[in-house]
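Trainee: Sharing a model that was predicted from the sequence below.
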Amino acid sequence: MTKVGILHIIARMNIGGPALHVAQLLDRLDQENFEPKLVSGHTTFTEGDMTDLADKYDLDFYLFQYFGPKLSLWKDMYTFARLWRFMLDMSPMIVHTHTAKAGALGRVAAKMANVPIIVHTFHGHVFSGYWGKGVSKIVILVERLLARLSTVILTVSDSVRDELINHNIAPAEKIRVMSLGLDLSIYKNCSIKRGQLRDELSLTKDWPIVGNIGRLVPIKNHHYFIKSAHQMLQDGFEGYFVIVGDGILEPKLRKLVDALGIEDSVLFTGWRRDLDIIYADIDVLVNTSLNEGTPFAIIEAMAARIPIVATEVGGVPDMIQHEHTGFLVPTDDTNVLSDTIRIALEVDDYIVDNAQKYVIDNHSVDGMIDNAMYLYNNLLGDHTDVV
């Protein structure tokens, strides 16, 4: 039996949920019936690089030199031509794109290469929080046009699907939800590593640690986290605030911490791949984003039984029911955020039990693979004339 060629395209394998999602999906895809390949561009020096996942999962991986997140007319045209040529040579039945740049270049190239099935996943969206209103309107218009080239559009949560429908990106029947999945076993058992982070950072043993994990970029709203930390410390809180990640805002965020005089209590760790050690020691995870799809850090922390305090944006409310599986806060009220962190530090087992059960039931890697296989087989069934 001839295997079905499937090409996944992502703009870059930077540290974050989309790269891990794609790698684990291709790793566990039915290799007897599918022949998956992955194309990606280079990461920038501030993003953290996860291209090593291609080796870890033994993926058929192709790194395109000029493929990246920033707009560049000649580089994008060159990348588009390479993608089109690659598809002509490979003749995939399915092209599945991830992230905005890959979705634009990949879907147009797939259409021109006469690929029968074109799928795009919105891991979030860039309609708000990234640019001004004028650019956002252009982005929405472009996504509407690209949606016409797509056989199906996937979102990672019900809320993101609703937002796409509200922006008239595509008809509701064309947009489906496919929840992200992770191998959660390492996080479920991470408590055995408790104390390692405290020892590494020389932290007082009995003081709580409030963590924030993510890229240091404007959309993640770290200023909000730091200002709330300052307020709590001014009010006499004895504890630490650990920021895990890297990005273009790191120098400015460090200057803010220094200006507020809280450099002994707010610590930057840079990128970490050993997140199980982080989760083993933090007492609350705070997500302050202005826009999100399905944050992997929240999935991981819920599996690790860490209380969550998160801004009520994007797909976050699909995961967190306030005072049931975590706590939701606005994006700009330091009093509310500070008070909620204090509440989360005293939370009982009821909330973390509910949170862990939720992610195990809804965000396991096996469930994600089952859903992906069901989708691909259904789409192929509608194209039996070319299979």
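Mentor: Structure received. Residues are numbered from 1 along each chain as shown.

Trainee: CA atoms only: put whichever strand or helix holds Met302 into CSV for me.
Mentor: For Met302, the host element (DSSP states H and E) is helix 296-303. C-alpha atoms of helix 296-303 as CSV (Å, rounded to 0.1, in the frame of the first residue of the first chain):
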residue,chain,number,x,y,z
PHE,A,296,1.6,24.8,27.1
ALA,A,297,2.9,26.1,30.4
ILE,A,298,-0.6,26.1,31.9
ILE,A,299,-1.2,22.5,30.7
GLU,A,300,2.2,21.4,32.2
ALA,A,301,1.6,23.2,35.5
MET,A,302,-1.9,21.8,35.9
ALA,A,303,-0.5,18.3,35.3
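
Trainee: what residues does it touch?
Mentor: 16-17, 20-21, 180, 182, 184, 187-188, 213-214, 275, 279, 282, 285, 287, 308, 310, 316, 319-320, 325-326, 352, 355-356, 358-360, 363 (C-beta atoms under 8 Å, 6 or more residues apart in numbering). Where you see a C-beta, it was placed from the backbone N, CA and C, and this is true even at glycine.

Trainee: Which ChimeraX command selects the buried ones in those residues?
Mentor: With 16 or more other C-beta atoms under 10 Å as the criterion, this ChimeraX line picks the buried residues out of those:
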select :16,17,20,21,180,182,184,187,213,214,275,279,282,285,287,308,310,316,319,320,325,326,352,355,356,358,359,363
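
Trainee: In helices, which of the contacts of helix 296-303 appear?
Mentor: 17, 20-21, 187-188, 275, 279, 316, 319, 352, 355-356, 358-360 (DSSP state H).

Trainee: returning to that earlier point: so what's the gap between the helix holding Met302 and the chain middle?
Mentor: 11 Å (C-alpha atoms, centre = their mean, to the nearest Å).

Trainee: Report the buried residues of it.
Mentor: Phe296, Ala297, Ile298, Ile299, Glu300, Ala301, Met302, Ala303.

Trainee: same thing with stretch 238-251?
Mentor: For stretch 238-251, using 16+ other C-beta under 10 Å, the buried residues are Gly239, Tyr240, Phe241, Val242, Ile243, Val244, Gly245, Asp246, Gly247, Leu249, Glu250.

Trainee: Just the pLDDT for Asp27.
Mentor: Per-residue pLDDT puts Asp27 at 90.

Trainee: tell me which element it falls in.
Mentor: helix 17-28.

Trainee: now that helix against helix 296-303, angle please.
Mentor: Counting by axes from the mean of the first three to the mean of the last three C-alpha atoms, to 10 degrees, helix 17-28 lies at 70 degrees to helix 296-303.

Trainee: contacting residues around whichever helix or strand comes after helix 17-28?
Mentor: Note on helix 17-28: by DSSP H and E, the next helix or strand toward the C-terminus is strand 34-41. Strand 34-41 has contacts (C-beta under 8 Å, 6+ apart) with 3-13, 22-23, 26, 29, 51, 54, 59-69, 79, 83, 86, 90, 92, 101, 376.

Trainee: switch the cut-off to 6 Å
Mentor: Strand 34-41 is contacted from outside by 3-13, 26, 29, 59-62, 64, 67-68, using C-beta atoms under 6 Å, 6 or more residues apart in numbering.

Trainee: got it, and stretch 356-364?
Mentor: With C-beta under 6 Å, 6+ apart as the test, stretch 356-364 has contacts from Ser179, Gly181, Ile299, Met302, Ala303, Arg305, Thr325.

Trainee: No more questions from me, cheers.
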